[in-house]
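Enquirer: no sequence on this one, just coordinates:
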C-alpha cells in the first residue's frame, strides 16, 4: 500500500483557497482592529463649586418638598425655634466611619463656640423619626447639619465650607447667641440629657391599671436638659 501523501497546494491554488484578508465570524479582524482609531475620552468636566452644587443638586424626598431644591434649602425642623445650628449625629461606635464623621463635624462646629442644638440619635429614637419626617425616607446617613433653618449637608460639605470660609460666613449671619448651647451646663454637665423626673429614669409609670411606659422620656429614661432646652420643660413637668 502506498503511503498517504499530504496534498500540497501550489502558489496559485494556495492564494485562491486562502484569501489575503482572512476573517472569522468568532473573532474580530486583527487588521481592522489595528486600523481602528483610538477612543477619545471626553474631557472631564470641571468640578463645580460647593455653592453651585448646592443650588443645582437635589437630595432626598423632603418634608413637604422642603429639601427638594438641594443643599441650603429651607427646612421646617421640629422643635428648632432658636434658628441656630442643629446637628443630628450619633455617639455610638457601632459603625466606625459614621462615628468618626460625626465626631469630626461636631468638633468643627464646636470650634466656632456658637449655639448648637445637638441631637444624638443614640440617646433618643425620636430624633430618628424627625429625620425621616424631614427627608421622607428611612435611609438617612449621619451626620446632618442645619444652620439657620436651612439644610447644609454632611461631613464633606462641612469640611469644604470650613476650608473656603463659607461656614464662618454663614454662621456670622445668624442672630447673636446667648451662649446656652456653647458652654457646659451645670445641670447636665454638657451631655444635654438628664433623668426623667416623672419616672426617675425607669421609663415606667405606675397607675391604677398597673405599669405603663412613660411618654415624656426616651426608652433610656432620659429627657433633654430643661436648662439647655427650655422648650422641653413643659414636657417633663408633672
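Expert: Cool, the structure landed. This one's a predicted model, so the numbers in the text were calculated from it and none came from an experiment.
Enquirer: Residue 89 and residue 190: what is the separation?
Expert: In this structure, residue 89 and residue 190 are 15 Å apart, going by C-beta to C-beta, to the nearest Å. Just so you know, the C-beta spots here come from the backbone N, C-alpha and C atoms, and that holds for glycine as well.
Enquirer: Mind checking which of the two has more residues around it?
Expert: residue 89 (23 against 13; other C-beta atoms under 10 Å).
Enquirer: partners of the more buried one in the sheet?
Expert: With DSSP bridges applied, the residues forming beta bridges to residue 89 are residue 120.
Enquirer: so it makes contact with residue 102?
Expert: Yes - in terms of C-beta atoms under 8 Å, residue 89 counts as a neighbour of residue 102; the distance is 3.8 Å.
Enquirer: and for these two, which residues touch both?
Expert: Common contact partners of residue 89 and residue 102 (C-beta atoms under 8 Å, 6 or more residues apart in numbering): 142, 143.
Enquirer: Tell me the secondary structure at residue 104.
Expert: helix (DSSP: H, G, I helix; E, B strand; the rest coil).
Enquirer: Hmm, residue 155 and it touching each other?
Expert: Yes - with contact defined as C-beta under 8 Å, residue 104 reaches residue 155; the gap is 6.2 Å.
Enquirer: Which one's more surrounded, the two?
Expert: residue 155 (20 against 14).
Enquirer: Could you find the closest non-adjacent residue to that one?
Expert: residue 101 (4.2 Å; C-beta to C-beta, 6 or more residues apart in numbering).
Enquirer: Residue 112 too?
Expert: residue 171 (5.6 Å).
Enquirer: Next, that neighbour: secondary structure please.
Expert: Reduced to three states by three-state DSSP, residue 171 is helix.
Enquirer: Begin at 635, not 1, for the rest of this chat.
Expert: From this message on, residue numbering opens at 635, which makes the last subject residue 805.
Enquirer: I'd guessed it sits against residue 748; true?
Expert: Yes - Residue 805 is within contact range of residue 748, at 5.7 Å (criterion: C-beta under 8 Å).
Enquirer: Could you pull out the residues contacting both of those two?
Expert: residue 719.
Enquirer: Outline the domain layout of this protein.
Expert: 684-806, 827-870 (automatic domain parsing).
Enquirer: Pull out the buried positions in the one helix or strand residue 790 maps to.
Expert: Using DSSP states H and E, residue 790 sits within helix 789-797. Buried residues in helix 789-797, counting neighbours by 16 or more other C-beta atoms under 10 Å, are found at 789, 791, 792, 793, 795, 796.
Enquirer: helix, strand or coil for the residue nearest to residue 789?
Expert: Taking three-state DSSP, the label given to residue 735 is helix.
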